[in-house]
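1. Let's see this in three dimensions:
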Amino acid sequence: MNINLQSTLTHKNIQLIPLVKEDFEALYKTASDPKIWEQHPNKNRWQKDAFTNYFEGAIQSKGAFKILDTTDNSIMGSTRFYDYNETEKSVLIGYTFYATKYWGKGINHAVKTMMLNYIFDVVSTVYFHVGAENIRSQISITRLGAEKVKEIEVAYFGEPTKLNFEYKIEKEKWNLIQDNFV
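-> The predicted structure follows:
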């Protein structure tokens with residue numbers, strides 16, 4: 001099955017727009033704050049060389065988005081679908097970051113809800129790899145209904161292996177709880 005991992009998704013004042021190479025400078029401007037990356041497995045992504053690698057992985061994934069605040073057209077951050085497995089009907093969501101001014105405002109919840117509602121039309125399981133030190137993301141993912149299933153060493157695109165927690169949510173569970181998140 002051929003699926004589109006980069007459809008434009010919109011909810012209220014948030015829009016997920018397929019990431020393109022021309023977005024590099026604008027997205028790097030958002031990503032260049034070291035505070036954003038403090039809990040991420042690879043804390044140096046605020047540096048241009050490390051971010052260039054991150055961005056190249058995003059483009060190659062063919063599932064990456066820039067997250068836009070439509071009230072002022074500012075870039076909030078980025079996220080992506082990746083590692084689609086047709087046989088298992090699964091995909092991962094991750095590599096997500098937001099500018100600090102959007103933290104604690106329910107943005108991640110809204111973004112992940114849009115993504116889950118969209119992707120569960122074609123998959124039955126969504127996984128998330130969350131850095132072992134990324135407490136904010138672990139809390140956020142569990143609030144969506146995802147459950148921690150294992151600890152795993154993950155080598156993100158072009159980066160060293162780091163300890164992550166793998167979470168998953170099944171389509172059936174999402175269908176039961178999603179109305180709480182609309």
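
2. Residue 114: which element?
-> According to DSSP states H and E, residue 114 maps onto helix 107-119.

3. do residue 123 as well
-> Using DSSP H and E, residue 123 maps to neither a helix nor a strand.

4. do you know how far it is from residue 162?
-> With distances taken as C-beta to C-beta, to the nearest Å, residue 123 is found 25 Å from residue 162. Every residue, glycine included, has its C-beta placed from N, CA and C.

5. Kindly report the same for residue 46.
-> To residue 162, residue 46 is 16 Å away according to C-beta to C-beta.

6. circling back to that earlier point, which one of residue 123 and residue 162 has more residues nearby?
-> A direct count of neighbours by other C-beta atoms under 10 Å for residue 123 and residue 162 places residue 123 higher, at 21 against 18.

7. Please give me every residue in contact with that one.
-> Neighbouring residues of residue 123 by C-beta atoms under 8 Å, 6 or more residues apart in numbering: 84, 89-91, 171.

8. what does residue 151 give?
-> Contacts of residue 151 (C-beta under 8 Å, 6+ apart): 132, 163-166.

9. Narrow those to those in strands?
-> Those of the contacts of residue 151 mapping onto strands are 163-166, per DSSP state E.

10. can you map out the helices along the chain?
-> 24-31, 48-61, 107-119, 135-143, 171-177 (DSSP state H).

11. what's in contact with the longest one?
-> If you take C-beta under 8 Å, 6+ apart as the criterion, helix 48-61 is touched by 5, 19-21, 24, 27-28, 31-32, 42, 44-45, 64, 78, 80-82, 95, 156-159.

12. Excluding chain neighbours, give the residue nearest to residue 21 in space.
-> residue 59 (6.0 Å; C-beta to C-beta, 6 or more residues apart in numbering).

13. so who does the residue lying closest to residue 74 once chain neighbours are set aside touch?
-> In this structure, residue 74 finds its nearest non-sequential neighbour in residue 68, 7.3 Å apart by C-beta to C-beta, 6+ apart. Residue 68 makes contacts with 14-17, 74-76, as judged by C-beta under 8 Å, 6+ apart.
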